[in-house]
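In: I'd like to go over a predicted model; first the sequence, then the structure.
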Amino acid sequence: GENVEQHPSTLSVQEGDSAVIKCTYSDSASNYFPWYKQELGKGPQLIIDIRSNVGEKKDQRIAVTLNKTAKHFSLHITETQPEDSAVYFCAASDSGYSTLTFGKGTMLLVSP
Amino acid sequence: GAVVSQHPSRVICKSGTSVKIECRSLDFQATTMFWYRQFPKQSLMLMATSNEGSKATYEQGVEKDKFLINHASLTLSTLTVTSAHPEDSSFYICSARSGKGTDTQYFGPGTRLTVL
């Protein structure tokens, strides 16, 4: 089955800095890679996703890059703000009918 | 769009009782719903996948007789924790996927279950 590794487990940055979270996956058949943000006591919120037919996707301050050859994908957050502080999860799945395999999560702390 | 609700948000029950958690897709029809369990500071653990009108598919190690899942309509799935014990205390989260041709799962806000 799929295995998703996520690093780092914690990340502290100053407000305005950039943050990068990296994930690797094991199943070359995986073709869908979403990122979720989870605030304390709440459910995960989809913030961006990418499919294997593109290498990069951007939405305002958030971007995701995908390297299918190396089987890794990354989340980039620019101009971080304190409200970006949360746990971020990456995930992978191999088709529209498959389940998601999640990474272990990254706790991002943005200090004012 | 793509809003998923859960009810209740928080429940406290006595050991041995059963608890039902509802998951609703508010603005789309969910052909598939998923139930996850999350322990503090850990990732989401998939418990089961349910398709409308079909029996749920449980992940290995999840007791189907203890965690009863019903997906009777395209907008509602329920998880019943039967004969709950303190070790069942956890954060339960559902997600919903609209249908064919889409991978995207939208998550509910979660239900905090505490079994005394």
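Out: Structure received. Numbering: from 1, shown residues only, chains lettered A, B, ... in the order given.

In: Retrieve the pLDDT associated with residue 73.
Out: Going with chain A. In this prediction, A:Phe73 carries a pLDDT score of 97.

In: think we crossed wires, I meant chain B
Out: Among the per-residue scores, B:Ser73 holds a pLDDT of 89.

In: need the contact list for it.
Out: With contact set as CB atoms under 8 Å, 6 or more residues apart in numbering or on different chains, B:Ser73 has these partners: B:Glu52. C-betas here are computed from N, CA, C, even on glycine.

In: give me the beta-bridge partners of it?
Out: B:Leu76 (DSSP bridges).

In: From chain A, how far off is it?
Out: When CB to the nearest CB, to the nearest Å is the yardstick, B:Ser73 and chain A sit 20 Å from each other.

In: Kindly report the same for B:Trp35.
Out: Computed as CB to the nearest CB, the B:Trp35 to chain A distance reads 11 Å.

In: Identify the residues contacting that residue.
Out: Contacts of B:Trp35 were listed using CB under 8 Å, 6+ apart, and they are B:23, B:46-48, B:50, B:67, B:69, B:77, B:79, B:92-94.

In: Could you list the contact residues of chain B toward chain A?
Out: B:4, B:6, B:32, B:34, B:42-44, B:46, B:49, B:93, B:100-110, B:112 (CB under 8 Å from any CB of the partner chain).

In: you'd agree A:Gln81 is up against A:Gln14?
Out: No: with contacts defined as CB atoms under 8 Å, A:Gln81 does not count as touching A:Gln14, sitting 10.9 Å away.

In: count of neighbours near B:Glu53?
Out: No, residue B:53 isn't Glu; it's Gly. In terms of burial, B:Gly53 registers 10 neighbours under the definition other CB atoms under 10 Å in any protein chain shown.

In: what about it, helix or strand, and which?
Out: Under the assignment given by DSSP states H and E, B:Gly53 is not contained in any helix or strand.

In: From chain A, how far off is it?
Out: B:Gly53 sits 16 Å away from chain A when distances are taken as CB to the nearest CB.

In: Which element, helix or strand, includes the nearest residue to that residue once chain neighbours are set aside?
Out: Across the structure, with CB to CB, 6 or more residues apart in numbering or on different chains as the measure, the residue nearest B:Gly53 apart from its sequence neighbours is B:His71 (7.2 Å). Using DSSP H and E, the secondary-structure element containing B:His71 is strand B:67-73.

In: same check, this time on B:Arg112
Out: strand B:111-115.

In: Pull out the buried positions in that strand.
Out: Going by neighbour count (16 or more other CB atoms under 10 Å in any protein chain shown), the buried part of strand B:111-115 is B:111, B:113, B:115.

In: re the thing from before, filter the residues of chain B next to chain A down to the buried ones, ChimeraX style.
Out: Only the buried entries of the residues of chain B next to chain A go into this ChimeraX selection, using 16+ other CB under 10 Å:
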select /B:4,6,32,34,43,44,46,49,93,103,105,106,107,108,109,110
